[in-house]
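Novice: Sharing a sequence plus its predicted fold:
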Amino acid sequence: MSNPATEAALNRSGLTISRRDDVAMTHVALRRGRRADLDARVSATLGLTLPDTSRTVEAAGQMAAWAGPEQWLVIGPQEAGTDPSAALAKALNGVASVVDVSDSRVIFRVRGASAADVLSLSMGIDLHDKAFKPGDVAITHASHLGVMVWRHADGQGYDFACARTYAVDFGHWLEDACSKRGVFA
Amino acid sequence: MTSENQAFRLAGRGVVDRSKTFSFTFDGIPYEGFAGDTLASALLANGVHLVGRSFKYHRPRGILTSGSEDPSALVELRTGARREPNTKATVTELYDGLEATSQNRFPSLRFDFLAVNSLLSPVFSAGFYYKTFMWPASFWEKLYEPMIRRAAGLGRAAMEEDPDSYDKANAFCDVLVVGSGAAGLMAAISAARSGARVILADESFAFGGRLLAENRTIDGINSAAWVKAAIGELSSLSNVRLLPRTTIFGAYDGGTYGAVERVADHLVKPAPGQPRQRLWRIVAKRTIVAQGATERPIVFGNNDRPGVMLASAARSYINRYGVAPGRTAVVFSSNDDGAATINDLANAGISVAALVDARPALPDAITARAEALGARIFAGGVVSDAIGGSRVKGACIIDASGATHTLSCDLIIVSGGFNPNMQMTTHLGGRPQWRDDLAAFVPGAMPKGMTAAGAANGSFSLASCLAEGARAGSAAAADVGFDAKPIAIPASDEESNGISAFWHVDRAKHKAFVDLQNDVTAADVALAQREGFSAVEHLKRYTTLGMATDQGRTSSVNGLAILAQLTGKTIPATGITTARPPYSPVSLGALAGEHRGKHFKPTRLTPSHNWAKEQGAVFVEAGLWLRALYFPKPFETDAQTTVIREVNGVRNGVGVCDVSTLGKVEVHGPDAGKFLDRLYINMMSTLAVGRARYGAMLREDGIMMDDGTAARFAEDRYFVTTTTVNAIKVVQHMELCKQWHWPDLDVQIVPSTDQWAQYAVAGPRARDLIARIVDKPFDVSNAAFPYMAVAELTALGGIKARLYRLSFSGELAYEIAVPARHGELLMRTLMEKGQDLGVIPYGTEALGVMRIEKGHVGGPELNGTTTAADVGLGKMASKKKDYIGRVLAERPGLTNPDRPRLAGFRPVDRAARLRSGAHFVGRNTEPVAANALGHMTSVAYSPSLGHWVGLGFLSGAETRMGEIIRAYDPVRGEDTLVEVVSPTFYDSEGARLRV
Amino acid sequence: MRISCPHCGERALDEFSYLGDASVTRPDPAAADAADAFYTYAYERRNIAGPTQELWYHQAGCHAWLVVTRDTRTHEISDVKAAQDVALERVNSTTGAA
């Protein structure tokens, strides 16, 4: 936390913010006309069906998030001595372009019963239960920083993936938004 | 209950909280008021009417209204850094410890030296800015401007930085209800009961609007009590957000509304972490404008004297705040609503000296009531002038027969009818419509999704407000898919709303003000009309009528009605000026939000930023990035010394520079090569796997867009770099080419700037150092990994890495990249393992010096006006293919041999310094624009050569090699002889980088 | 102003950046009149009071280029399509005709 006052305010808001550093992220972009092949191979490799709309899907510790038309972000654990992106690149060779983006972004996790109420004020997109359901993902910006956000399956929190080089600024903004809104919203 | 110091507080009236007494000061004098007061009501409770001096004439001014439309009750609030000028006392929520000061007075409010301006009024008449101060011109700066600044204007802004924070928030709703009077409350309730997401906003700290200000009965209970119950219901619903103290100030496209919430303006200072104000962006599917109506004054002589008050305001002070605005009143009206104020006055124990109504006949009920109160009745009469200076002492009345009567009073209550508050309905271009029966403009065609209800829609009676609000609320909810059932309309007591249009008493003896804020009189309107400014928009600009903080809400319609009379046109034919956002003033702090100071823009930090900071690097902003400019040693006192050491360190040993900020893009797919061929001027499809190539790209108009390198890691995998500042632009351009120009190409673009931490390792010892970093058995020898080779490998014991044999410095050099999280480790390891090689870190300044020595073009050369040929890359352009910008780059103007082309420049006197921006002229030519041959773009002191070197653009550069010309710098007063040379000053054969 | 991105849904104006007229397409660089055609393509624009087709880029979102039909008098947006779909249709129809 940046300072004790922010921490205290955050505690009162009942929200927790953590940073997920232990993840591998892979960008998967469809090659022209290979959707059926891609689906088959992704299903065989990850046990997932890639979503066509702004949703996330999860299976066996792996998550695939829609990341733009015909593009997805596959997120899974980063274990020592493994290279999930390289493995995926091999599996999807010829049907998708696969790029390791594990270090491109930093994921911040916000959890707490009031997360939706508090963050809805800070985001330019509508986070209301009816508009942004568990499993929904959006590519948007928060304050003036680009961010990809998805809502946890239990509806009690969000992950924010922001560009790594903006992470310090984004972390401050997130703390500030959560602490300020938690107390004064 | 009336405390001694609140002599005008009425017992048992109003909704203020008498258990909470607040102390405050006005011009240093202590007073008391109650929670729930405004500053204006608390001042009136203490008998204070004189609160300020006017803009031009410094006339004493008082409290005309009880709302945000007030043109004259402007004060400075707070002191020091929190001082806020032009705050309306009529909406300032009272708090304990409030400090307010009158403004625009000198030396004191009661005795104002500049009130003499009133005597100079011919000077300050309509258009005075344009007439008086035109001649002689030299007087403007020395005399006129300082004089105007002293004499005119409103309050003073704080001189210190604002210590408070401001917040920005977003909200989405099905139905936005603006205003919480009878119509607004009914709209909110009927929409909310259907389950729609409702936001109800009101500019006041208390919901209820006029229901708090009028002594009315709804469903058998007092209107203020009814409000309490309605708000109780709304606040219990989770689908409703109540925003008190929130002004919806503007309507924007797509159902977007701007609002400012005064979160902590009612506190001495905000709590720690609490914003003072919050700027809301509200996106609403449907909006109901229920902002009520604003009463308009009647224009008569001295109608600006403290003690002249709108009828609706007097009722607010009596009924909402429990304050008597005077002891003896004369009521001057043109309508039933205004005339009926005699009831409220009587209930408050204020004696009614006279009821003056411009209409020849009054409703019987009103006449009977006035008679019962012992008031004199002047049907068909007018108040021609107020008597008194800093407070009304009497009224001069002309009766229907033309006879004049003078009555004593301390209050003149005035009502010229109501203007619906429909500004929001016109923000997107809607035009209001005139209704003769109301003598008012009402909303015309409204933007999609917006409706108006109640008084804002010209429905002035309480019964119609309640009914129309309920209908509008359920219609809005039903419109967006909710099952909204009609709700019961509460019963209300009866009223009459007759009006006859009456604007202006033309028999006034004294100045009759149309616009109190800008000191515009009826005579000024007439003068403007005589001088030809007879269109409303011209009238507004010539006289300033309707401008400033009140946005003409009490003056615009009166002004155009007077203009209509003068021109003999109808009011609708005369037209109305366009209302634009904001509805009432919004502070700059709220608009800026948290984006101020260092947070104005985001800051990007490279992966090894902390390491550079530890080394004491001096940073520079490059786009949004912070980059290390140079790394001073403790004993180095100036930047030049440091930079020279860094350049020499690289040229003679090895240096490391953080180049992570370069834009990086993965370009994959079977058609990636073909795609890049169309983007770059040179061929990329022929690039061998494992090699990199320098490339340049143009805009479609033939001008250079960016340069960088493309590396090919596999048949279908390229990795390209862009300049730091153009990274986002280039990706956008690539996406346009892929999606719009050539959608049939199978290519995928993945921006990867943040993925890689990348370092240039340059100098004769670079290979020795790199060999210690990459994992075995990778061979870094020149034979195995020659100039322009690239490879994917591992480094630092198993970390993924990419190695590029690229050189910007002109030395043997590599760029090595690792995933960003390992960037700091790589930097530290390079420094550690290179210690015995004399490794040094170098910054962008040394990088820049070396690129100038090598004649590489940078930002100053790729400046949006230069072609590939201009910057010396003409030969690189492929003739075998099409690419973006090719056709237009061949236009005659861009291929003209006289165009300034890139060249190098060195001072004839080797000790002389060069300046970028200096103009080139022939050695024996006059240094005038007509003789200019080009200009210097980049200069540096070259440690390698021991003198200054420069790059620049020179007309006919190729034919002028060796020529001596002048580099003329009129800004710095320098004139230097320079020799035209090749732009490559250092190692022109490139021998050093291929070893 | 709000634009409904066909991929992301309705978003505020500040997520998008504007390029210009979507009714013009890059001319054939091999054509005999290429120089004139490119000049017209790069510089000549009509200033229409009414519905126009414009290229917008969802910069802060999915990076899709969009063809937005907007009435310049009212800012009303009547249609938004993915530029790639419009372009593919154009390319296919040209190929079909040839």
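Specialist: Yep, it's here.
Novice: and chain A, which residues reach chain C?
Specialist: Taking Cβ under 8 Å from any Cβ of the partner chain as the contact definition, chain A meets chain C at A:54, A:67, A:68, A:69, A:124, A:125, A:138, A:139, A:140, A:141, A:146. All C-beta spots, glycine's among them, are computed from the backbone N, C-alpha and C.
Novice: Grab the nearest non-local neighbour of the residue of chain C at minimum distance from chain A.
Specialist: Here the residue of chain C nearest chain A is residue C:62; by Cβ to the nearest Cβ that distance is 3.9 Å. In space, and not counting its chain neighbours, residue C:62 is closest to residue A:68: 3.9 Å by Cβ to Cβ, 6 or more residues apart in numbering or on different chains.
Novice: SS state for residue B:627?
Specialist: Classification of residue B:627 by DSSP: H, G, I helix; E, B strand; the rest coil places it in strand.
Novice: Next, count neighbours for it.
Specialist: By other Cβ atoms under 10 Å in any protein chain shown, the residues close to residue B:627 number 25.
Novice: Now do the same contact list for the closest residue to it other than its chain neighbours.
Specialist: Closest residue in space to residue B:627, ignoring its immediate chain neighbours: residue B:844 at 5.2 Å, by Cβ to Cβ, 6+ apart. By Cβ atoms under 8 Å, 6 or more residues apart in numbering or on different chains, the contact set of residue B:844 is B:620, B:622, B:627, B:628, B:629, B:630, B:657.
Novice: Now with 10 Å, please.
Specialist: B:619-620, B:622, B:625, B:627-630, B:657-659, B:661, B:724, B:851 (Cβ atoms under 10 Å, 6 or more residues apart in numbering or on different chains).
Novice: so what pLDDT did it get?
Specialist: Predicted confidence (pLDDT) for residue B:844: 97.
Novice: if I look at it, how far off is residue B:818?
Specialist: Distance of residue B:844 to residue B:818, given as Cβ to Cβ, to the nearest Å: 21 Å.
Novice: Checking my notes, residue B:767 in a helix, right?
Specialist: Yes: the assignment for residue B:767, made by three-state DSSP, places it in a helix.
Novice: Could you find the closest non-adjacent residue to it?
Specialist: residue B:780 is the one closest to residue B:767 (Cβ to Cβ, 6+ apart), at 5.6 Å.
Novice: Could you list the contact residues of chain C toward chain A?
Specialist: C:5-12, C:14-15, C:58-64, C:82, C:84-85 (Cβ under 10 Å from any Cβ of the partner chain).
Novice: Repeat the analysis, applying 6 Å as the threshold.
Specialist: With Cβ under 6 Å from any Cβ of the partner chain as the criterion, chain C comes near chain A at residues C:7, C:12, C:60, C:61, C:62, C:63, C:64.
Novice: How about the contacts made by the third one?
Specialist: Spelled out, it's residue C:60. Going by Cβ atoms under 6 Å, 6 or more residues apart in numbering or on different chains, residue C:60 touches A:141, A:146, C:15.
Novice: Then the second one?
Specialist: When contacts are counted by Cβ under 6 Å, 6+ apart, residue C:12 touches A:124, C:2.
Novice: Pop out the phi and psi values for it.
Specialist: phi -70, psi 160 (degrees, to the nearest 10).
Novice: Work out for me the element residue B:985 sits within.
Specialist: Residue B:985 is part of no helix or strand when elements are defined by DSSP states H and E.
Novice: distance of it from chain C?
Specialist: Residue B:985 sits 37 Å away from chain C, going by Cβ to the nearest Cβ, to the nearest Å.
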